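Novice: sequence and computational prediction follow.
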Amino acid sequence: MKVRPRSLSSLVGGILTELAFVALLAAAGLLLSFLFSLG
Amino acid sequence: MRSGALLLLLALVSARLFGQVGSAGLIERARELDGLQVEFVGEAIGESMRRGNHVWLNLLDGGGAIGIWVKRGDMPIVVYFGSAAARGDTLRVRGIFHRSCPEHGGDLDIHASALEVIARGELKPETLHVGRMALAAGLLLAAGAVFLSWRRKLKARARA
Amino acid sequence: MFAKPRLHDLRLICSYTGKVLIGVGLLMALPLLTALAFGEWAAAVDFLVGLGAALLAGCLLAWLGVGEGRPSWIHGMVTAAISWLAAMAVAAVPYWLSGHYLSYLDCMFDVMSGLTTTGLTLIQDLDHVSISLNTWRGLLTFVGGQGIIVLALAFLSSAGGGGYPLYVGEAKDEKLFPSVLHTAKTIWKISLIYLVVGTSTFWVVGMAIGLSPLRALLHGLWVYLAAWSTGGFAPMSQNILYYHSLGYEVVTLLFFVSGSFNFALHHAVWRGDRKEMFRNIETVSFAGSLAALTVIACWGLMRLGVYPGAVAVFRKGFYHLISGHTTTGFMTVYSRQLVLEWGEVALLALILAMLLGGSACSTAGGFKALRVGVLWKAIVQETRRLLKPGSAVFAQRFHYLGSRILGEAQVRSAALVVLMYLAIFALATLVGSLCGYPLLQAAFEAASVSGNVGLSVGVTAAAMPAVLKATFLFNMWAGRLEFMAVLALFGFIAATMRRRGVA
């Protein structure tokens, strides 16, 4: 079973997907911070 | 080195007399001092970080380090910054203290109105311990000897 | 159980522990080279002493342990437990010689904190620590996160089979590939790729915020090592507050959250299965608990008017919550501020976040999202059973690299491990209270050590009673190894002390 990802683009795409997920979490956090700072 | 330490001692003594607060005091009494003019003395550590027209500087006073936000124009010349190799210049800052600065994302900081170097730092000389070097040599030699015995033991086993 | 341990068993454990210590010694070559490169001659000598001590101890144990036999499960478990303690004792030598610690126990505490990717520290005068010592701190954290045994297996061992028990002993029981060597090498490849990406990013952002190119690179490397390992060490006493930068904080967030993901998830996503990112039970569970706890913490902070404005709530409130939940431990406030300003509701949310933890088979600690998700599904299943009495049989499913059926054994295992985490958490809280610390603070610090987090309310300090230091050390060790190896060690010792084997 090959260790390397299928291609460089798959690797880059994978890292970007992960960072995008994290960015999503951060954005949600920012949104909640915004909502709670209004009250 | 002596004069620097003496000056620092003087500074700390005068702190008690003239309303200087230490880092621990700033943190413990943060709500009380929030928005007030304070005076703080500490060693410049790391580096100064330029941010447009302003500079961030962190000053350490034994207990903790406090972030100082100062205009580039008001920034004095700091020769030494605290690191492993040097003791940094001692600076005194006067300015408004913030428990949770709205301009800086809630950071605890002091916006300096006056910042000056009160004692120059210096390079710290390195002292090499001959005893330690001998110890290192001894340990490495011993390790080498045991390593060879280990290899020999493995070979003997393989042959058997 | 099993027969009284014989010399053969001790030899195997000796042999593998020795190899791990040799690995630790060789690892010290990196900070040694760093010291030489930057002209830190005294530090270089310190690392030479440490290197010599580690190699001597390692070769001695390996020599003692020469014998035949393949390791079984028990050997793997016991070796994992013992080698972490041995590595801790030996890796502390450079710390002690640096003069930055008040006792050897403090040195060992910091080594264990690094290896377990906790991030609590007892170091004195961190702002004046040498480049090589900071590198050692970062390296211990990075290697500990990967599992020092995984390191030894991947690069030192020539033996093919038999490695799996050691691997599992270190609580990484995801078999990415049939061969454990393959799995170990893959984990390392993923981490090294991220190392290059991460350090470069921190370097660039560091220069942008005003650090010199050299210091931006050094800080970038050290902060990256701590972030990816969800460790929490930073080169300055103010931790991430030193940088006073939203940009820097966001980069740390990107990498410490990625670092908290399951290696199997990284592997799946990198091979092209992007949807897994959003369907995996762990990422879903983590996102859910993070959202819920953020709401609670923010509500608590807002009620007390702690932070002025959304950005501050994000950079102080949310940041610490996600730092705690991923068990990283980076801070942008002073420890005492958590006690003085946050209030009980927000602190409770933070404690819970720390206990829940990050993903399984990652550098994160805590219960782990997989267990949290499994237990949640089990509760859902129980509820469904109650609502559908009679002989209706159904399977509860969950998604983890594919659709799976929730099994009884899985639920039992998850529940037992969570119970054990709670037990050590309770123990540390109790000892903290007995030492005189207020309950909430004792509980907070206990959660931090048990989950290998690193957030602190100020309890962790050189002035802490030795018994509390030892308790925290035990919790960090046991929590990181997820109990199996620790229980195996205790069982092994008990069996050794019996006159005969247990039938």
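Specialist: Perfect, I can see it now. Numbering: from 1, shown residues only, chains lettered A, B, ... in the order given.
Novice: for the nearest residue to residue B:80 once chain neighbours are set aside, which residues are in contact?
Specialist: Leaving aside its sequence neighbours, residue B:80 sits nearest to residue B:121 (CB to CB, 6 or more residues apart in numbering or on different chains; 3.4 Å). (C-beta placed from N, C-alpha, C; glycine too.) Residues in contact with residue B:121 (CB atoms under 8 Å, 6 or more residues apart in numbering or on different chains) are B:4, B:43-44, B:79-82, B:86-90.
Novice: narrow the residues you listed to those in strands?
Specialist: When these are checked against strands (DSSP state E), the matches are B:43-44, B:86-87, B:90.
Novice: now pLDDT, neighbour count and distance to residue C:368 too, for those residues, in TSV please.
Specialist: Output for the ones in strands among the contacts of residue B:121, formatted as TSV (pLDDT from 0 to 100; neighbours: other CB atoms under 10 Å in any protein chain shown; distance: CB to CB, whole Å):
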residue	pLDDT	neighbour count	distance to residue C:368
B:43	97	25	42
B:44	98	25	43
B:86	96	17	44
B:87	96	23	45
B:90	97	25	48
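Novice: any idea which of these is closest to residue A:19?
Specialist: Nearest to residue A:19 among these: residue B:44, at 35.5 Å, using CB to CB.
Novice: got the contact list for stretch B:129-149?
Specialist: In this structure, residues lying in contact with stretch B:129-149 by CB under 8 Å, 6+ apart are C:25, C:42, C:45-46, C:48-49, C:51-53, C:55-56, C:58-60, C:63, C:97.
Novice: narrow those to those in strands?
Specialist: Using DSSP E, no member of those falls within strands.
Novice: of the contacts of residue B:121, closest to chain C?
Specialist: Top of the list for closeness to chain C, among the contacts of residue B:121 and by CB to the nearest CB, is residue B:82 at 5.7 Å.
Novice: hmm, the closest one is touching residue B:42, no?
Specialist: No. Counting by CB atoms under 8 Å, residue B:82 does not reach residue B:42; the two are 9.4 Å apart.
Novice: still on that earlier bit, now for the contacts of residue B:121: which two are most distant?
Specialist: Greatest spatial distance in the contacts of residue B:121: B:4 and B:81, 14.5 Å, computed using CB to CB.
Novice: residues of stretch C:59-76 that come out buried?
Specialist: Going by neighbour count (16 or more other CB atoms under 10 Å in any protein chain shown), the buried part of stretch C:59-76 is C:59-66, C:71, C:74-76.
Novice: then that stretch to CSV, C-alphas only?
Specialist: Coordinates of each C-alpha in stretch C:59-76 appear next as CSV, following Å, rounded to 0.1, in the frame of the first residue of the first chain:
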residue,chain,number,x,y,z
CYS,C,59,23.8,1.2,26.0
LEU,C,60,24.0,-0.3,29.5
LEU,C,61,20.3,-1.3,29.4
ALA,C,62,20.6,-2.6,25.9
TRP,C,63,23.7,-4.6,26.9
LEU,C,64,21.9,-6.0,29.9
GLY,C,65,18.9,-6.8,27.8
VAL,C,66,20.6,-8.9,25.1
GLY,C,67,18.5,-12.0,24.7
GLU,C,68,16.0,-13.7,22.5
GLY,C,69,12.3,-13.4,22.1
ARG,C,70,9.8,-11.2,20.5
PRO,C,71,7.8,-8.7,22.6
SER,C,72,4.3,-9.6,23.4
TRP,C,73,1.5,-7.2,24.5
ILE,C,74,2.6,-7.1,28.0
HIS,C,75,6.2,-6.2,27.1
GLY,C,76,5.1,-3.5,24.8
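Novice: is chain B within reach of that stretch?
Specialist: Yes. Residues of stretch C:59-76 contacting chain B under CB under 8 Å from any CB of the partner chain: C:59-60, C:62-63, C:66, C:68.
Novice: of those, which one scores lowest on pLDDT?
Specialist: Least confident by pLDDT among those: that is residue C:68, with 73.
Novice: Validate this expectation: that residue resides in a strand.
Specialist: No. Using DSSP: H, G, I helix; E, B strand; the rest coil, the secondary structure at residue C:68 is coil, not a strand.
Novice: and which of the contacts of stretch B:129-149 is nearest chain B?
Specialist: residue C:52 (2.7 Å).
Novice: surely residue B:44 touches residue B:55?
Specialist: No. Counting by CB under 8 Å, residue B:55 is not a contact partner of residue B:44; they are 11.1 Å apart.
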